[in-house]
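> Fold the following.
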Amino acid sequence: QKLLDERVQAIDRLKEEIHSLECSNQALDESMAKRDAEISVLKSENKKLQSTLDICLTNEEEYKFICEKNAVEGVELKAELQGVKIKLSESEKLVMDLNHKLAQLQ
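Sure, this is the predicted structure:
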């Protein structure tokens, strides 16, 4: 009888251990499902951030292009302005010469 009682107790302990392991397994499964959901959210956020980064990089390239274009146009405008200043100076000299000649004729 004593041996039978010991075996029954051993079986009960094993049943309790199995139940404990099953509970642990269920908790781990729930934890994994939660982590999988978190990973899914992070992947979605990562895609959004990557899209935003791509837009920023495109905008940066456009900005650089516009800056370069403006720099070239600025140089061209400075050259054009210098030409206008030269012509203005020549016109002023011509006006002065004409005024001088006019003064001589009067």
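> So, low pLDDT: which residues of the protein?
Along the chain, no part satisfies pLDDT under 70.
> Please enumerate the helices of it.
Using DSSP state H, the helices of the chain run over residues 2-105.
> Residue nearest the middle of it, spatially speaking?
residue 53 (2.6 Å; Cα atoms, centre = their mean).
> That residue and residue 3, how far apart?
Per Cβ to Cβ, to the nearest Å, residue 53 is found 72 Å from residue 3. Backbone N, C-alpha and C define where each C-beta goes, glycine included.
> again, but for residue 31
Here the criterion is Cβ to Cβ. By it, residue 31 lies 42 Å from residue 3.
> Looking at those two, which has the bigger crowd around it?
residue 31 (10 against 7; other Cβ atoms under 10 Å).
> related to what we said a few turns ago, name all residues that make contact with the residue nearest to the centre of the chain.
By Cβ atoms under 8 Å, 6 or more residues apart in numbering, residue 53 lies in contact with nothing.
> Return the distance of it relative to residue 63.
15 Å.
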